[in-house]
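S.K.: No letters, just coordinates:
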């Protein structure tokens, strides 16, 4: 099993070294994982957790790409109530965005920025056949990062979403603005179409 995994990683790395930069007419696929936490008023009910993200993009030039991204944050908050009880709130924040990326240098190592607009979904989990509340809304995002070969480090922020108007489980967070920040490490593979 270890040998198969090592072989697969070696093949992916070999193909990746042949396409390390953002290229015109190239298609890139990428994904990352990392830490997410809530900001602002919502931070008390969704303090921190995991983040995953995936994207596909098309190179308009060596430095400019357009595409789409899916981003999901799973937030958990622990609250030790005044009656010596512990409560846990769980939240899912999903973002579906059309994005534009700009890479500053056509080199193996380069900083980049991106911005996106799209749809957000904030929801409580379903518990014991009780459906949690969900709310859809607007999403705006910004990202700064550093690409290092086929890897990248990213800091992104998503804003514009709101918590459900009538939450089922956590009524104290009704209709709050939801802003999340993510710190992530990812891998990107580029297919050169020239």
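M.R.: Nice, I can see it. If you're wondering where the values come from, they're calculated on a predicted model, not measured in any experiment.
S.K.: ok, which stretches of the chain are strands?
M.R.: Using DSSP state E, the strands of the chain run over 27-39, 48-59, 64-80, 86-103, 109-123, 134-148, 151-162, 177-191.
S.K.: mind listing what's buried in the first one?
M.R.: Yep, that's strand 27-39 we're talking about. 27, 28, 30, 32, 34, 36, 37, 38 (16 or more other Cβ atoms under 10 Å). No exception for glycine: its C-beta is placed from N, CA and C like everyone else's.
S.K.: Tell me what the fourth one is bridged to.
M.R.: Put plainly, it is residue 32. Beta-bridge partners recorded for residue 32 (DSSP bridges): residue 53, residue 186.
S.K.: wait, what's in contact with it?
M.R.: Residues in contact with residue 32, defined by Cβ atoms under 8 Å, 6 or more residues apart in numbering, are 51, 52, 53, 54, 152, 154, 184, 185, 186, 187.
S.K.: Now do it against residue 182, distance only.
M.R.: Remark: distance between residue 32 and residue 182 (Cβ to Cβ, to the nearest Å) = 8 Å.
S.K.: Next: the second one.
M.R.: Residue 28 sits 19 Å away from residue 182 when distances are taken as Cβ to Cβ.
S.K.: again, but for the last one
M.R.: Plainly put, residue 38 is 11 Å away from residue 182 if you go by Cβ to Cβ.
S.K.: cool, and residue 34?
M.R.: To residue 182, residue 34 is 6 Å away according to Cβ to Cβ.
S.K.: Need phi/psi at residue 169.
M.R.: Taking degrees, to the nearest 10, you get phi -100, psi -40 for the backbone angles of residue 169.
S.K.: next one: the one 5 residues further on
M.R.: Here is the backbone geometry of residue 174 (degrees, to the nearest 10): phi -60, psi 130.
S.K.: can you pull the contacts of residue 167?
M.R.: For residue 167, the contacting residues are 124, 132, 133, 173, 174, by Cβ under 8 Å, 6+ apart.
S.K.: what residues does stretch 173-183 touch?
M.R.: By Cβ under 8 Å, 6+ apart, the surrounding residues in contact with stretch 173-183 are 34-42, 44-46, 51, 53, 71, 73, 75, 89, 93, 120, 122, 154-159, 161-167.
S.K.: Please apply the same query to stretch 140-156.
M.R.: Identification of contacts with stretch 140-156 by Cβ under 8 Å, 6+ apart yields 13, 16-17, 20, 30, 32, 34, 53, 69, 71, 95, 97, 99, 103, 108-118, 157-160, 181-190.
S.K.: One more: stretch 54-71?
M.R.: Residues outside stretch 54-71 that contact it (Cβ under 8 Å, 6+ apart) are 21-32, 51-53, 94-104, 106, 116, 141, 156, 158, 182.
S.K.: buried subset of those residues?
M.R.: The buried subset of those - by 16+ other Cβ under 10 Å - is 21-23, 26-28, 30, 32, 51-53, 94-97, 99, 101, 103, 116, 141, 156, 158, 182.
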